[in-house]
Structures are given as C-alpha cells and as structure tokens.
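Asker: Model the following, please.
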Amino acid sequence: MTSTILTTAQAHPNHILRSDGSRPAEPNIFLAGGKDVPEDLRVHRVEHLAERVKFQVENRYEHFEATTEVRHVDGRSLRVYGWIYRTYIAE
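Answerer: Just a heads-up that it's a prediction; the model follows:
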C-alpha cells in the first residue's frame, strides 16, 4: 500500500507548492472528514496519487484513504480522500 505525507505547504491554493517556479501547481485532492482538520487545509496538491495520505495537524497525523468520489471546488475536480483514523506523534 502506498502512502503520501502532506504538509501545510501543499494545502490551499494560496499555499500550493510551485511546480515550475512560475505559477502555483493546481490542487488535485480534497480531504473529507476528520472533525479537527481546519477547513482551509482540505485542498492539496500531490504529485503522485496514492491509496492513502496522512496530514500533520499539530501533534498528530490525520489519515485519509482514496475514494471514488470527486468534489468540485473553485471550478476544479478534486479526488476525494476520506478520513479513516488518527495517530499521535511520539515525543
């Protein structure tokens, strides 16, 4: 099973990593569910779609799994990843 770790730098169109240095890369996934994930951090860009992604929020990782659903956000079709569980980062 493949998994990708997301960072806040990949979230939201205003913070998307630049793919070629001249323009922002377009987001391609939406994180659905997970009650403590901030709404402004649900749209992301990943280079390679994986079965699962995990997103660090404060002292934990929120884990999401790919679904067959597509959500339209700001005129873009984004692959939806649904929340499945949370793990905490060891100190």
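
Asker: Any buried residues in stretch 50-67, and which?
Answerer: 50, 53-55, 57, 61-66 (16 or more other C-beta atoms under 10 Å). Backbone N, C-alpha and C define where each C-beta goes, glycine included.

Asker: Next step: the residues you listed restricted to strands.
Answerer: Under the assignment DSSP state E, the buried residues of stretch 50-67 contribute 53-55, 57, 61-66 to strands.

Asker: For this protein, give me the ranges with low pLDDT.
Answerer: Within the chain, the stretches with pLDDT under 70 are 1-3, 6-24.

Asker: which residues in it form strands?
Answerer: 3-6, 29-32, 43-44, 52-57, 60-73, 76-88.

Asker: center of the chain - which residue?
Answerer: In the chain, the centroid-proximal residue (C-alpha atoms, centre = their mean) is residue 44; its distance is 4.3 Å.

Asker: Test my guess that that residue contacts residue 31.
Answerer: Yes: the criterion here is C-beta atoms under 8 Å, and residue 44 meets it with residue 31 at 6.8 Å.

Asker: so what's in contact with these two at the same time?
Answerer: Both residue 44 and residue 31 are in contact with 53, 55, where contact means C-beta atoms under 8 Å, 6 or more residues apart in numbering.

Asker: List the residues that contact residue 57.
Answerer: Per C-beta under 8 Å, 6+ apart, neighbours of residue 57: 36-38, 41.

Asker: separation between it and residue 35?
Answerer: 11 Å (C-beta to C-beta, to the nearest Å).

Asker: same deal with residue 60?
Answerer: Taking C-beta to C-beta, one finds residue 60 at 12 Å from residue 35.

Asker: What of residue 63?
Answerer: Taken as C-beta to C-beta, the span from residue 63 to residue 35 is 14 Å.

Asker: With residue 68 instead?
Answerer: 23 Å.

Asker: For the closest residue to residue 38 other than its chain neighbours, name its beta-bridge partners.
Answerer: Of all residues beyond its chain neighbours, the one nearest residue 38 is residue 57 (7.5 Å), with distances taken as C-beta to C-beta, 6 or more residues apart in numbering. Beta-bridge partners of residue 57, counted by DSSP bridges, are residue 60.
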